[in-house]
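In: sequence first, then the predicted structure, then my questions.
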Amino acid sequence: MHVHLHDLGPTPATLDDAAAQQERLRPLVDTTAPGPTDLRTAAGIDVAHHDGTDEVVAAVVVLDATTLRPVETRTVRGRAGHPYVPGFLALRELPVVTAALEELEHTPDLIVCDGAGVAHPRRFGLACHVGLLTGVPTIGVAKSPPLPFEMPKPARGSWTPQVEGDEVVGRALRTQHGVQPVFVSVGHRIGLDAACEHVLRLARHRLPETTRRADRLARDAALRV
DNA sequence: GCGACAG
DNA sequence: ATCTTGTCGC
């Protein structure tokens, strides 16, 4: 039962093409769906880079959402699709991420992406891209704020909204008491409340276990070249 | 023109 | 993302 990947059109060759693709796909994002009611498995994706080269490793980890134990792990080595440009992370990471998702034998109930969802200049960050690509509910969890934010109270679970214009596009969410918040935004097929609940459920440290596991796996694989 | 900008 | 030692806290 592999993850079925949808065709999102040709890979953009330029930043202008990529921006146009983001604008084109953005209306397809579903921000109002309830998300998975019974979260059995959650996947994390991350990409590790090399020194200054374009060699990258993508790692996908599927965790049992209750025990937080991995049920499947995959790594794929490849090349960055493009140098990193703010607002265009998908241009760089999506090629390897797609390759890693193709290897996946489990279809997770949720995918946690390292980066932004709709908290993005054109409301279409990497998590939205992965959501439309897979049809699986996705959320973005970023380690640094994509927008200015107000610091939430120190308690675990407290949060402040991230607003752009008159829209709430994400939250600064405290996953551990007194620890720097993470920045959660919806990717696809889930709402912000549910997204934050899942992040808290998956977080034993600052970052959700999905992200930590994928990060470590990709990093390890990148070192043993 | 200069700095900032998810990773 | 990546380059890096010690330090504080559970």
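Out: Ah, there it is.

In: quick check: residues of chain A near DNA strand B?
Out: Counting by C-beta under 7 Å from any atom of the strand, the residues of chain A close to DNA strand B are A:46-47, A:49, A:84, A:86-90, A:114-116, A:120, A:125-127, A:140, A:142-146. Heads up, the C-betas are built off the backbone N, CA and C, glycines and all.

In: now do the strands in chain A.
Out: Applying DSSP state E to chain A gives strands spanning A:41-49, A:55-64, A:70-79, A:110-114, A:138-142, A:159-164, A:167-173, A:182-188.

In: any weak-confidence spans in chain A?
Out: A:1 (pLDDT under 70).

In: give me the most central residue, it.
Out: Centroid check for chain A by C-alpha atoms, centre = their mean gives A:C113 as the closest residue, at 1.3 Å.

In: so who does that residue touch?
Out: Residues counted as contacts of A:C113 (C-beta atoms under 8 Å, 6 or more residues apart in numbering) are A:45, A:125-127, A:130, A:138-141, A:187.

In: now those residues in JSON lines, with neighbour count?
Out: Formatted as JSON lines, the contacts of A:C113 follow (neighbours: other C-beta atoms under 10 Å):
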{"residue": "A:I45", "neighbour count": "29"}
{"residue": "A:G125", "neighbour count": "30"}
{"residue": "A:L126", "neighbour count": "27"}
{"residue": "A:A127", "neighbour count": "34"}
{"residue": "A:V130", "neighbour count": "29"}
{"residue": "A:T138", "neighbour count": "31"}
{"residue": "A:I139", "neighbour count": "32"}
{"residue": "A:G140", "neighbour count": "32"}
{"residue": "A:V141", "neighbour count": "30"}
{"residue": "A:G187", "neighbour count": "33"}
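
In: would you mind measuring from the residue at the greatest distance from the centre of chain A to A:E102?
Out: Counting by C-alpha atoms, centre = their mean, the extreme residue of chain A relative to its mean C-alpha position is A:V225, 25.4 Å from that point. Taking C-beta to C-beta, to the nearest Å as the measure, A:V225 and A:E102 are separated by 22 Å.

In: helices of chain A, residue ranges please.
Out: A:15-25, A:89-103, A:126-134, A:192-202, A:209-223 (DSSP state H).

In: which one of the ones you listed lies nearest to DNA strand C?
Out: For DNA strand C, the closest of the helices of chain A is helix A:209-223, at 5.2 Å, according to C-beta to the nearest atom of the strand.

In: and that closest one, what does it pack against?
Out: Counting contacts by 3 or more C-beta pairs under 8 Å, 6 or more residues apart in numbering; DSSP states H and E, helix A:209-223 is packed against strand A:41-49, strand A:55-64, strand A:70-79, strand A:110-114.

In: name the stretch among the ones you listed that sits most buried.
Out: Of all the helices and strands packed on helix A:209-223, strand A:110-114 has the most neighbours on average by mean count of other C-beta atoms under 10 Å, namely a mean of 28.

In: check whether that strand comes near DNA strand C.
Out: Yes - contact of strand A:110-114 with DNA strand C (C-beta under 7 Å from any atom of the strand) involves A:D114.

In: direction included, what does that strand pair against?
Out: strand A:41-49 (parallel), strand A:138-142 (parallel) (DSSP bridges).
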